[in-house]
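Engineer: build me a model:
(2 chains)
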Amino acid sequence: MAPKQQAFVTEITPQSEDFSRWYTDVIRRAELADYSPVKGSMVIRPYGYAIWELMQSALDRRFKETGHVNAYFPLFIPESLLRKEAAHVEGFAPEVAWVTRGGDETLEEPLVVRPTSEAIIGTMYSKWIQSWRDLPILINQWANVVRWEKVTRLFLRTTEFLWQEGHTAHETEEEAEAEARRMLGVYKEFLETELAMPVLDGRKTESEKFAGAAHTYSVEALMGDGRALQAGTSHHLGQNFAKVFDITFQARDKSVQHVWQTSWGMTTRLIGAAIMVHGDDSGLILPPRVAPHQVVIVPIPRGDWRTTVLPRAKEIAATLKQAGVRVMLDDREEYKPGWKFSEWEMRGVPLRLEIGPRDIEQQQVLLARRDTREKLTAPMEGLETRVAELLDAVQAALFERAVAFRDGHTLRTTSSDEFRRAFEGRPGFVIAPWCGSADCEAKIKADTQATIRNLAFDLPPATGDCVRCGQAGMTDAWFAKSY
RNA sequence: CGGGGCGUGGCGCAGUCCGGUAGCGCGCCUGCUUUGGGAGCAGGAGGUCCCGAGUUCGAACCUCGGCGCCCCGACCA
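Structural biologist: Coordinates of the predicted model:
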């Protein structure tokens, strides 16, 4: 058996050998996505899309709970609208796709395929808002956007991707600020609860903020290879877009004012993040909350199993389904149990339930955890409770494991030597004093490829002098190499 | 867009240096035996060798041009 198992393992490159290759191997073997004939664009396959649907519904529920509603805006944006906000167009111009022809006709005004929807939504808001009584507007849209990136990577960066973008308009600066912060909080809670992914929340530096925003907040997660990944952003747009799109309202004091806006988004990149945070050399490990199949039942075919084991397996599947568990009964006869064990492990199913003639006799089943590979028996009596407990336990263990990994890959230093040496590799996060200048930030990036991921909300006092210039530190910042 | 690598049945690769019958493993199809950690045997199907030009009696292989993918940088969710 041993040589066979080794042969199987070679289908996925070990993480330690080549993390990037491991990542793409897992995606393709687990059938999450595939390359398409369109350059830079991928196909999200049913298993990957099922994960996205679970993320969507978990997020959408939170948006609704916080008073937001969904709408849909056009894919195409006239060039002139995109050009209205100077910083915005400057930031996005290099990566927009253009439509210059419709059928046989050359368009009078070229259209861009939306890279984000501030421009088109701002235009509509100016029509919809007249009075302070029209505010706030709390709209979200689920959509696809296009950004012509030079380098692409499955889920993490593709020319077209799926996301949600919230766009809100408010009466006051304080209200908009509170909204931007609140949605960042929603993101953090979502990631930690649903994806078992610990994140740092904070504010982006000037050089890293969204094109056209007053300021940008982000949540940052640490991947298994020691690189950070921005998992979500929330922008306080100030009145920048309101002024150029003429979004005004008459206030309670009869004066005419510009609205204060926010926008915030999360994308299908999160699927890639979940893969890289939790996966191992055997493949995916999915957090139960977003696993398309939370439990896979593998009946053991022996003797007259079709009349003894199989009916019992179907009963268990029905019971678990009734209890709200996403369960899949793998009763295919063309594959052996051992093959199925490996296959579902590779696909990251959190819990496997084995049932064979021996188990029927003893009124029990065998349960195997994907995360720890621990196997245990459980009586059939009260099985749905036991399964629910175990799914919760896996979810919690994955989060704790990820926290431990992040903490184990977070270095505090005040020494510029140690800082530089750390970034010769991929150390994870490095917390170090920074003077606050964009110049030092840029030099650090040029020297080490590390960037400030974000700054904690309550700026911690610097624990030393700036690791780049040696001047007095303004604060300790979180540095990392990032995706 | 710079540097490097790769493109050959569905997947992973050998063959390319030195031009001469397209191969291997896995997968797939059929049958029998199997089935509690990726089963065995037998038979079988499946290929514009990324695309286009050129050199040659003859090109997967040599030359030129293009396209795509991967890795490392600069840009980004």
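Engineer: buried set for stretch A:471-483?
Structural biologist: By neighbour count, with 16 or more other C-beta atoms under 10 Å as the criterion, the buried positions of stretch A:471-483 are A:473-483. The C-beta positions use only the backbone N, C-alpha and C, and glycine is treated the same way.
Engineer: what about residue A:54, distance to residue A:142?
Structural biologist: From residue A:54 across to residue A:142, the span is 14 Å (C-beta to C-beta, to the nearest Å).
Engineer: related to what we said a few turns ago, restrict the buried residues of stretch A:471-483 to those near RNA strand B?
Structural biologist: When contact is defined as C-beta under 7 Å from any atom of the strand, those meet RNA strand B at A:481-483.
Engineer: any chance of JSON lines for the residues you listed, columns pLDDT?
Structural biologist: Output for these, formatted as JSON lines (pLDDT from 0 to 100):
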{"residue": "A:481", "pLDDT": "92"}
{"residue": "A:482", "pLDDT": "91"}
{"residue": "A:483", "pLDDT": "88"}
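Engineer: for residue A:284, grab phi and psi.
Structural biologist: phi -70, psi 150 (degrees, to the nearest 10).
Engineer: I meant to write residue A:80 there.
Structural biologist: Torsion angles at residue A:80 (phi, psi; degrees, to the nearest 10) stand at phi -60, psi -30.
Engineer: OK, contacts around it?
Structural biologist: For residue A:80, the contacting residues are residue A:109, by C-beta atoms under 8 Å, 6 or more residues apart in numbering.
Engineer: that one and residue A:328: what is the separation?
Structural biologist: Here residue A:80 is placed at a distance of 51 Å from residue A:328 (C-beta to C-beta).
Engineer: what's the answer for residue A:448, then?
Structural biologist: 46 Å.
Engineer: the two: which is more packed in?
Structural biologist: Between residue A:448 and residue A:328, counted using other C-beta atoms under 10 Å, the more crowded position is residue A:448 (19 against 16).
Engineer: skip the chain neighbours and tell me the closest residue to the more buried one.
Structural biologist: Leaving aside its chain neighbours, residue A:448 sits nearest to residue A:423 (3.7 Å; criterion: C-beta to C-beta, 6 or more residues apart in numbering).
Engineer: so that neighbour touches residue A:481, yeah?
Structural biologist: Yes - assessed by C-beta atoms under 8 Å, residue A:423 is found in contact with residue A:481 at 6.9 Å.
Engineer: any residues in contact with both of these two?
Structural biologist: Contact with both residue A:423 and residue A:481 is made by residues A:448-450, according to C-beta under 8 Å, 6+ apart.
Engineer: kindly export the helix or strand where residue A:343 lies (C-alpha atoms) in CSV.
Structural biologist: For residue A:343, the element it lies in under DSSP states H and E is helix A:337-346. Provided in CSV are the C-alpha atoms of helix A:337-346 (Å, rounded to 0.1, in the frame of the first residue of the first chain):
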residue,chain,number,x,y,z
PRO,A,337,-13.7,3.1,0.4
GLY,A,338,-10.0,3.8,0.7
TRP,A,339,-10.2,5.8,-2.5
LYS,A,340,-13.1,7.8,-1.3
PHE,A,341,-11.4,8.5,2.0
SER,A,342,-8.5,10.1,0.2
GLU,A,343,-10.7,11.9,-2.3
TRP,A,344,-12.9,13.6,0.2
GLU,A,345,-9.9,14.5,2.4
MET,A,346,-8.3,16.1,-0.6
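Engineer: could you check whether that helix is close to RNA strand B?
Structural biologist: Yes - on the criterion C-beta under 7 Å from any atom of the strand, helix A:337-346 is in touch with RNA strand B at A:337-343, A:345-346.
Engineer: want to throw these into a markdown table with pLDDT?
Structural biologist: Output for these, formatted as a markdown table (pLDDT from 0 to 100):
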| residue | pLDDT |
| --- | --- |
| A:337 | 95 |
| A:338 | 94 |
| A:339 | 94 |
| A:340 | 96 |
| A:341 | 95 |
| A:342 | 93 |
| A:343 | 94 |
| A:345 | 95 |
| A:346 | 94 |
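Engineer: show the buried residues in the residues you listed.
Structural biologist: Burial by neighbour count, 16+ other C-beta under 10 Å: within the residues of helix A:337-346 next to RNA strand B this picks out A:340, A:342-343, A:345-346.
Engineer: picking that back up, can I get the buried residues of stretch A:471-483 in JSON lines with secondary structure?
Structural biologist: What follows is the buried residues of stretch A:471-483, written out as JSON lines (DSSP: H, G, I helix; E, B strand; the rest coil):
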{"residue": "A:473", "secondary structure": "coil"}
{"residue": "A:474", "secondary structure": "coil"}
{"residue": "A:475", "secondary structure": "strand"}
{"residue": "A:476", "secondary structure": "strand"}
{"residue": "A:477", "secondary structure": "strand"}
{"residue": "A:478", "secondary structure": "strand"}
{"residue": "A:479", "secondary structure": "strand"}
{"residue": "A:480", "secondary structure": "strand"}
{"residue": "A:481", "secondary structure": "coil"}
{"residue": "A:482", "secondary structure": "strand"}
{"residue": "A:483", "secondary structure": "coil"}
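Engineer: which element is residue A:360 on?
Structural biologist: Following DSSP H and E, one finds residue A:360 within helix A:357-362.
Engineer: mind listing residues that contact the very next helix or strand once past that helix?
Structural biologist: Using DSSP H and E, the helix or strand that follows helix A:357-362 in sequence is strand A:364-369. By C-beta under 8 Å, 6+ apart, the surrounding residues in contact with strand A:364-369 are A:316, A:341, A:350-355, A:359, A:374-380, A:383, A:386-387, A:390, A:393-394.
Engineer: report the buried members of the residues you listed.
Structural biologist: Those of the contacts of strand A:364-369 that meet the buried threshold are A:316, A:350-355, A:359, A:378, A:380, A:383, A:386-387, A:390, A:393-394, by 16+ other C-beta under 10 Å.
Engineer: the residues you listed: which ones sit near RNA strand B?
Structural biologist: Checking these against RNA strand B by C-beta under 7 Å from any atom of the strand, the ones in range are A:352, A:354-355, A:359.
Engineer: find the nearest non-adjacent residue to whichever residue of the stretch 101-250 of chain A sits closest to RNA strand B, please.
Structural biologist: Using C-beta to the nearest atom of the strand, residue A:230 is the residue of the stretch 101-250 of chain A that sits closest to RNA strand B, at 3.2 Å. Computed as C-beta to C-beta, 6+ apart, the closest residue to residue A:230 that is not its neighbour in sequence is residue A:218, at 5.2 Å.
Engineer: and that neighbour, what are its bridge partners?
Structural biologist: Residues in a beta bridge with residue A:218, per DSSP bridges, are residue A:202, residue A:233.
Engineer: can you report how many residues neighbour it?
Structural biologist: So residue A:218, with other C-beta under 10 Å, has 23 neighbours.
Engineer: much appreciated, bye for now.
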